[in-house]
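Fold the following and give me the result.
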Amino acid sequence: QVQLRESGGGLVQAGGSLRLSCVASERTLSTFPRGWFRQAPGKEREFVATNWGGSNTYYADSVKGRFTISRDNAKNTIYLQMNSLKPEDTAVYYCAQRTSVWRKIPTTRGDYDYWGQGTQVTVSS
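Below is the predicted model:
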């Protein structure tokens, strides 16, 4: 059973930055995709970004150019650096891990096998 633990959420003003972290309980997962999703009140959980193999990344259009996902395999941790935050970025951010081979970049909830508990990000205007 893979356990994921997010941290780094908080309250920030529009235009500010936050860095989220997600540490996994197992080190053998570094080649598989681990990503970030977010869910705002009353909305569906949506894809934000994913990283696989350390240097391969993919982003949702809404965050491209503002968010950066990175991975530290030695710490078994991925990060989401969020810059130029907007009020519409307010959501609970979830870390997700896939543990099987894939044929397309995983961007849907069903593509991931394990989830963290989430961390709240609130951006004030």
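
in stretch 15-30, what's buried?
Judged by neighbour count (16 or more other C-beta atoms under 10 Å), stretch 15-30 contains these buried residues: 18, 20-24, 29-30. Heads up, the C-betas are built off the backbone N, CA and C, glycines and all.

Ok, stretch 47-57 next?
Neighbour counts over stretch 47-57 (16+ other C-beta under 10 Å) mark 47-52, 57 as buried.

now the end-to-end length of it.
Distance between the two ends of stretch 47-57: 13 Å, counting by C-alpha to C-alpha, to the nearest Å.

who's in contact with it?
Here stretch 47-57 makes contact (C-beta atoms under 8 Å, 6 or more residues apart in numbering) with 30-38, 58-60, 63, 67-71, 73, 78, 80, 93, 105-108.

Can you give me the pLDDT of the nearest residue to F67 once chain neighbours are set aside?
Excluding its sequence neighbours, the residue lying closest to F67 (C-beta to C-beta, 6 or more residues apart in numbering) is M82, at 5.1 Å. Looking at M82, its pLDDT reads 98.

M82 contacts S17, correct?
Yes: at 6.1 Å, M82 and S17 qualify as touching, with contact defined as C-beta atoms under 8 Å.

Of the buried residues of stretch 15-30, just say which sits nearest to D89.
L18 (9.1 Å; C-beta to C-beta).

just to revisit the earlier point, quick one, which of the buried residues of stretch 15-30 has the minimum pLDDT?
Least confident entry in the buried residues of stretch 15-30, by pLDDT: L29, with 69.
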